[in-house]
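[1] Need a 3D model of the following:
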Amino acid sequence: MPGADELPERPPGMLQVIHSIFTEGYAASSGPRLQRLDLAQEAIRLTRILHRLMPAEREVAGLLGLMLPVHARHEARTGADGELVLLDDQDRGRWDRTVIEEGSGLVVSALTGGPPGPYGVQAAIATLHDEAADLATTDWPQVVALYDVLLRLAPSSVVALNRAVAVVMRDGPQAGLALLDELVSEPALRRHHPYPAARGGSAAPARPTARGRHGLPGSASSGRQRTRTDLPEAPAEHGPGIRAGRQSRHLTVEHPGQRPRAGRSRV
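    Numbering: from 1, shown residues only. Reported below is the predicted structural model:
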């Protein structure tokens, strides 16, 4: 463990490594099991230690607030034979509500007191998914708003894909299809299985459900595909402000130069 004088310089690199460990535990790249819970739990343990040592580091709270609501679903993510159970098919009664509540509190801490970081924004997206009773009642406008923020903080083709899927859920297939068409030439998506799955779903005449999306917020996949759903890890220096609402755990996005509207734009 670094000394106390070294800790302030270490968070970005440490968080990136821990996030990679958690991602491997969430969706193992090899082996007989989809999930490696030992890795996911170790990543959470390490982040808890960092959070105790660095309680003022909001991105440490953000990473922990991202991992907890995602990990809270692990019992419902696989079936009896170890197959992937998609988000809309999961028994939400098996989700760990105590862990979800802990994560929600960390999201508020991560997004209070200054510009947001990528982990805090991703944590807010994960929390929105976990707080919804089902897919239909997910606050898709707020999910899209958060992806808008995330694209400015840590732009990538994968985040753009996730946002496009959220737009499909908010506005319908045609709106999302236009966004997905814009990504067709992205090299990073050529071997990214969720892209054709998402595009195929958007081209269907009916409004798609969460089928075709992995358990991580807003990402797309199908079947037992070992597709990574990595979220951006690059730290951001600047971005729009996000503040915590006092009346609920919902969060309010404030874009630069835009006055916040009371009681609206909850994320």
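[2] check contacts around A133.
    When contacts are counted by Cβ atoms under 8 Å, 6 or more residues apart in numbering, A133 touches R92. (C-beta placed from N, C-alpha, C; glycine too.)
[3] Tell me the secondary structure at it.
    Secondary structure, DSSP: H, G, I helix; E, B strand; the rest coil: A133 is coil.
[4] Make residue 1 into 56 and carry on from there
    Fine by me, first position is 56 from now on; the one you just mentioned is A188.
[5] how close does it sit to R100?
    Remark: distance between A188 and R100 (Cβ to Cβ, to the nearest Å) = 31 Å.
[6] Mind picking out the helix or strand in this structure with the poorest mean pLDDT?
    strand 296-299 (a mean of 31; mean pLDDT, DSSP states H and E).
[7] T182 touches V162, doesn't it?
    Yes: counting by Cβ atoms under 8 Å, T182 does reach V162; the two are 5.1 Å apart.
[8] Now the helix or strand where L232 lies: buried residues?
    Here L232, judged by DSSP states H and E, is contained in helix 228-237. Using 16 or more other Cβ atoms under 10 Å as the test for burial, helix 228-237 gives 228, 231-232, 234-235.
[9] Flag the shaky bits of the protein, pLDDT-wise.
    56-65, 243-322 (pLDDT under 70).
[10] For it, which segments count as strands?
    296-299, 306-309 (DSSP state E).
[11] From F77, how far off is V198?
    From V198 over to F77 (counting by Cβ to Cβ), the distance is 21 Å.
[12] Output stretch 235-245 as PDB, nothing but the C-alphas.
    Output of stretch 235-245 as PDB, limited to C-alpha atoms (Å, rounded to 0.1, in the frame of the first residue of the first chain):
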ATOM      1  CA  LEU A 235     -26.200   3.400 -34.800                       C
ATOM      2  CA  ASP A 236     -25.600   4.100 -38.500                       C
ATOM      3  CA  GLU A 237     -23.200   6.900 -37.600                       C
ATOM      4  CA  LEU A 238     -21.100   4.300 -35.700                       C
ATOM      5  CA  VAL A 239     -20.900   1.800 -38.500                       C
ATOM      6  CA  SER A 240     -17.300   2.900 -39.500                       C
ATOM      7  CA  GLU A 241     -15.900   2.900 -36.000                       C
ATOM      8  CA  PRO A 242     -12.900   0.500 -35.900                       C
ATOM      9  CA  ALA A 243     -13.400  -0.300 -32.200                       C
ATOM     10  CA  LEU A 244     -16.900  -1.700 -32.900                       C
ATOM     11  CA  ARG A 245     -16.000  -4.000 -35.800                       C
END
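[13] Touching, A215 and L234? I think so.
    Yes: at 7.5 Å, A215 counts as touching L234 under the criterion of Cβ under 8 Å.
[14] for W150, phi and psi?
    Dihedral pair for W150: phi -70, psi 140, per degrees, to the nearest 10.
[15] how deep is it tucked in, by neighbour count?
    The number of residues packed near W150 is 18, by other Cβ atoms under 10 Å.
[16] Pull the contacting residues for it.
    Going by Cβ under 8 Å, 6+ apart, W150 touches 127-128, 130-131, 185.
[17] Let me have these in JSON lines, adding neighbour count as columns.
    JSON lines is the format used below for the contacts of W150 (neighbours: other Cβ atoms under 10 Å):
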{"residue": "A127", "neighbour count": "21"}
{"residue": "R128", "neighbour count": "24"}
{"residue": "E130", "neighbour count": "14"}
{"residue": "A131", "neighbour count": "18"}
{"residue": "D185", "neighbour count": "23"}
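[18] among the residues you listed, which are in helices?
    Among these, DSSP state H puts D185 in helices.
[19] Need the contacts of W150 in JSON lines (columns: distance to V72).
    Shown next, in JSON lines, are the contacts of W150 (distance: Cβ to Cβ, whole Å):
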{"residue": "A127", "distance to V72": "22"}
{"residue": "R128", "distance to V72": "23"}
{"residue": "E130", "distance to V72": "26"}
{"residue": "A131", "distance to V72": "28"}
{"residue": "D185", "distance to V72": "25"}
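[20] Mind telling me the two of the contacts of W150 farthest from one another?
    Pairwise distances across the contacts of W150 peak at 13.5 Å for E130 and D185 (criterion: Cβ to Cβ).
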